[in-house]
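> Following is a predicted model, sequence given first.
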Amino acid sequence: MIALLIIIYTAVVVVVFKVLRIKPTPFLVAGILLVGVLALGGIVVVWTLSAPISSKLVTSQYVTQLVPYVKGQVTAVHAQANQAMKKGDLLLEIEPAPYQYAVNQAQAALEQAKAALANAKASLNKANASDDLAKTQEKIALSTQRADAAAISVLKVAEATQTRAEADAAVQQAEATVLQTQSNIPAVQAQLDDALFNLDQCKMRAPSDGYVVNWQVQPGTMLTSASAAGTFIDTSSIFLAAVFPQNYLTNVEPGNDVEVVLDPYPGRIFTAKVDTVIAASGGGQFTVSGSIPNAANIGSYGLYAVKILFDDAAVARNLSLGSGGSAAIYTTHGKPVHIISKVTMRMKKWLAYVVPSVQSQ
């Protein structure tokens, strides 16, 4: 677009000197040059600050490593590489037998713990009944002694009191047994829940809408928690990360309109919005170490990243991961010069058929 402005300026100069045949003088030439520099420079400055363009961008999606929670041999593979999947769809199955055994053991232990609790409660009921009987017999013995000391021997009264004390102790022991057996049940239930969870993890499911890449598993493959079965691309959300010179972002705000041209889709312009300007750069991050930072390595490339979200989520879900292209941000300032970026983006739209915006590494 700068070249176009220069061509227009050159055409004006030609008209002045060739068509109108105005005699060039040093002052006139100097004046025309100064006007041209100031006009072109002013337009370029306002343009870059009002509608900046970047050809360094990439489409990005969330990527998940499919690492199994449990280890085991793969018994069935249901997903195919690059096949669209819905959240919760079955990807593969791991041999469940060892984990089913653990579930069976935990269920048996839980049933045993519940039976022990039932026995403990029955023993407590029996102890309470015996204690009630002992208390009644003690009261009868004491009442008889108060009414007529000769009617019952001191030994009988002492035996009744001793029997009641033993019954009280039996109740306390039975209550302690009930509390102990009750406290065992939550621990056993937790073991069962853990075993059921591990059994469920033998079925690996899609974490979201998307597709699998780098899918290397097949029946018989041994998987562990230290190895990934594949990589899952989340297509439920996609965004753009574009890089701009820091001074170009002076007027950029969240919500600004964006036009995007992507290399895999020549002839099309996608509309989007600025989500956020990531006002941070890795050049300002220092690694903690015992070494003094080398001053020669300190610096910045003078760039910031901008996160951009597409207006049409349905269209965005069909875009490919890692696509390059160009993006133009239209701020609320300098609207008359927005036309420069709009024309540039439409040129790039058609040039994308033959001239992709490839970035050198």
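The structure has been received and is ready for your questions.
> I'd assumed residue 234 was in a strand, is it?
Yes. According to DSSP: H, G, I helix; E, B strand; the rest coil, the state of residue 234 is that of a strand.
> Could you report the distance from residue 47 to residue 340?
Note on residue 47: its distance to residue 340, by C-beta to C-beta, to the nearest Å, is 5 Å. Placement of C-beta: from N, CA and C, glycine included.
> is it true that residue 92 touches residue 80?
No. Between residue 92 and residue 80 there is no contact under C-beta atoms under 8 Å: 11.1 Å.
> List the buried residues in stretch 222-229.
Residues of stretch 222-229 classed as buried: 223, 228-229 (neighbour count, 16 or more other C-beta atoms under 10 Å).
> Please enumerate the strands of the stretch 101-250 of the chain.
Using DSSP state E, counting those that start in this stretch, the strands of the stretch 101-250 of the chain run over 203-205, 210-213, 222-223, 230-245.
> Which one of the ones you listed lies nearest to residue 258?
Across the strands of the stretch 101-250 of the chain, residue 258 has its closest neighbour in strand 230-245 (8.0 Å, C-beta to C-beta).
> Do me a favour and average the pLDDT over the closest one.
What strand 230-245 shows for mean pLDDT is 89.
> after it comes which helix or strand?
The helix or strand immediately downstream of strand 230-245 is strand 257-262, counting by DSSP states H and E.
> pLDDT (mean, whole number) over whichever helix or strand comes after that next one?
The C-terminal neighbour of strand 257-262 among helices and strands, as given by DSSP H and E, is strand 270-278. The average pLDDT for strand 270-278 rounds to 92.
> which strands and helices sit next to strand 270-278?
strand 257-262, strand 303-310 (3 or more C-beta pairs under 8 Å, 6 or more residues apart in numbering; DSSP states H and E).
> Turn these into JSON lines, columns for distance to residue 169 and mean neighbour count.
JSON lines is the format used below for these (distance: least, C-beta to C-beta, whole Å; neighbours: other C-beta atoms under 10 Å):
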{"stretch": "strand 257-262", "distance to residue 169": "82", "mean neighbour count": "23"}
{"stretch": "strand 303-310", "distance to residue 169": "73", "mean neighbour count": "20"}
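> how does the chain divide up, domain by domain?
Annotated domains of the chain cover 1-50, 53-61+235-361, 68-95+202-227, 97-200 [automatic domain parsing].
> Confidence-wise, which of those is weakest overall?
Note on the domains of the chain: domain 1-50 shows the lowest mean pLDDT, a mean of 74.
> now that one, how far from the chain's geometric center?
Remark: domain 1-50 is offset 53 Å from the chain centroid, using C-alpha atoms, centre = their mean, to the nearest Å.
> cool, and stretch 100-117?
Stretch 100-117 sits 37 Å away from the centroid of its parent chain (C-alpha atoms, centre = their mean).
> ditto for stretch 82-91
18 Å.
> which residues sit against that stretch?
Contacts to stretch 82-91, defined as C-beta atoms under 8 Å, 6 or more residues apart in numbering, come from residues 66, 77-79, 203-213, 229, 235-236.
> Which residue lies closest in space to the spatially most central residue of the chain, excluding its sequence neighbours?
Geometric centre of the chain, nearest residue: residue 62, 7.5 Å, by C-alpha atoms, centre = their mean. Computed as C-beta to C-beta, 6 or more residues apart in numbering, the closest residue to residue 62 that is not its neighbour in sequence is residue 234, at 4.2 Å.
> which residues sit in contact with the one you found?
Counted by C-beta under 8 Å, 6+ apart, residue 234 has contacts 61-64, 207-210.
> Neighbour-wise, which one of these leads?
In terms of neighbours by other C-beta atoms under 10 Å, those top out with residue 210 at 25 neighbours.
> Would you confirm that it contacts residue 232?
Yes. Contact status for residue 210 versus residue 232: in contact at 5.6 Å, counting by C-beta under 8 Å.
> now residue 159: how far from residue 264?
99 Å.
> wait, residue 316
In terms of C-beta to C-beta, residue 316 sits 13 Å off from residue 264.
> Please say which of those two ends up with more neighbours.
Under the criterion of other C-beta under 10 Å, the comparison of residue 316 against residue 264 puts residue 316 first, with 20 against 14.
> is it true that that one touches residue 323?
No. Look at residue 316 against residue 323 with C-beta under 8 Å: they stay out of range, at 11.1 Å.
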